[in-house]
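J.: structure of the sequence below:
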Amino acid sequence: MNTTSTSISTAFYHFEQIRTRIAELVETIPREHLLTIPEGFSNNIAWHAAHVVVTQQLLVYGLSDVDFAISQELVDRYRKGTTGVQATPESFDEAMEFLMLAPVDLRRRYAAGEFTTFREYRTSAGIDLSSFEDAILFNNIHEGIHLGYMMGVRKGLGGAMAEQSDD
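T.: Okay, the predicted model is just below:
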């Protein structure tokens, strides 16, 4: 196995692990609180979870000119520049259906040779992506950041969830 295929395998593995952590975190939040934006926060857990689904599609599929595996409506609702106010239970459910399918879909489509082109892109963090591999690696960083935000939002929800259990 050459270095590139080892790096891609590792990046795919990390992608799967991050998605598993996100799914586990989402499962710890009562459904009625997934759309709650706690005081001091800009977004809710539903937005963060759906945003990572959308961003992965934009960075990896979109920049490679490969058809998205999710709806354009989902992309429009959760792309960069949107907020948790736009999150809905239905769109969140749609995103969650793809959360854990994405790593499988990515591996399958990569093995089928679908990622043959790439349009260079500078992220809002100032990182230049010049290849499919760069996009996957950056996406993993992006998802890790949002997982951290989700953990913070969950902590911010602590009071709201405790108040509800007192009812």
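
J.: low pLDDT regions in the chain?
T.: Residue ranges of the chain with pLDDT under 70: 1-4, 159-167.

J.: center of the protein - which residue?
T.: For the chain, the residue nearest the mean C-alpha position is residue 52 (1.5 Å; C-alpha atoms, centre = their mean).

J.: any idea how far that residue lies from residue 116?
T.: Distance of residue 52 to residue 116, given as C-beta to C-beta, to the nearest Å: 25 Å. C-beta: built from backbone N, CA, C; applies to glycine.

J.: circling back: the residue nearest to the centre of the chain contacts residue 141, doesn't it?
T.: No - under the criterion of C-beta atoms under 8 Å, residue 52 makes no contact with residue 141, lying 11.3 Å away.

J.: which parts of the protein are helices?
T.: With DSSP state H as the definition, the chain shows helices at residue ranges 3-27, 45-56, 72-78, 89-99, 101-111, 132-166.

J.: those helices into a markdown table, with extra columns for distance to residue 126?
T.: Supplementary listing: the helices of the chain in a markdown table, determined by distance: least, C-beta to C-beta, whole Å:
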| stretch | distance to residue 126 |
| --- | --- |
| helix 3-27 | 21 |
| helix 45-56 | 16 |
| helix 72-78 | 22 |
| helix 89-99 | 27 |
| helix 101-111 | 25 |
| helix 132-166 | 11 |
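
J.: how deep is residue 109 tucked in, by neighbour count?
T.: Around residue 109 there are 17 other residues, counting by other C-beta atoms under 10 Å.

J.: if we can go back for a sec, for the residue nearest to the centre of the chain, give me its contacts.
T.: 22, 142, 143, 146 (C-beta atoms under 8 Å, 6 or more residues apart in numbering).

J.: before we move on, what about residue 109?
T.: Neighbouring residues of residue 109 by C-beta under 8 Å, 6+ apart: 66, 115.

J.: state the distance from it to residue 101.
T.: Going from residue 109 to residue 101 by C-beta to C-beta gives 12 Å.

J.: now, of the helices of the chain, which is deepest in the fold?
T.: Greatest average neighbour count among the helices of the chain goes to helix 45-56 (a mean of 26), per mean count of other C-beta atoms under 10 Å.

J.: next, the angle helix 3-27 makes with that one.
T.: 160 degrees (axes from the mean of the first three to the mean of the last three C-alpha atoms, to 10 degrees).

J.: just the CA trace of helix 45-56, in PDB.
T.: Below are the C-alpha coordinates for helix 45-56, written out as PDB (Å, rounded to 0.1, in the frame of the first residue of the first chain):
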ATOM      1  CA  ILE A  45     -27.300  20.900  18.000                       C
ATOM      2  CA  ALA A  46     -29.600  20.100  15.100                       C
ATOM      3  CA  TRP A  47     -28.000  22.900  13.000                       C
ATOM      4  CA  HIS A  48     -24.400  21.800  13.800                       C
ATOM      5  CA  ALA A  49     -25.100  18.100  13.000                       C
ATOM      6  CA  ALA A  50     -26.900  19.000   9.700                       C
ATOM      7  CA  HIS A  51     -24.200  21.600   8.800                       C
ATOM      8  CA  VAL A  52     -21.400  19.000   8.900                       C
ATOM      9  CA  VAL A  53     -23.500  16.700   6.600                       C
ATOM     10  CA  VAL A  54     -23.900  19.600   4.100                       C
ATOM     11  CA  THR A  55     -20.400  20.900   4.300                       C
ATOM     12  CA  GLN A  56     -18.900  17.500   3.600                       C
END
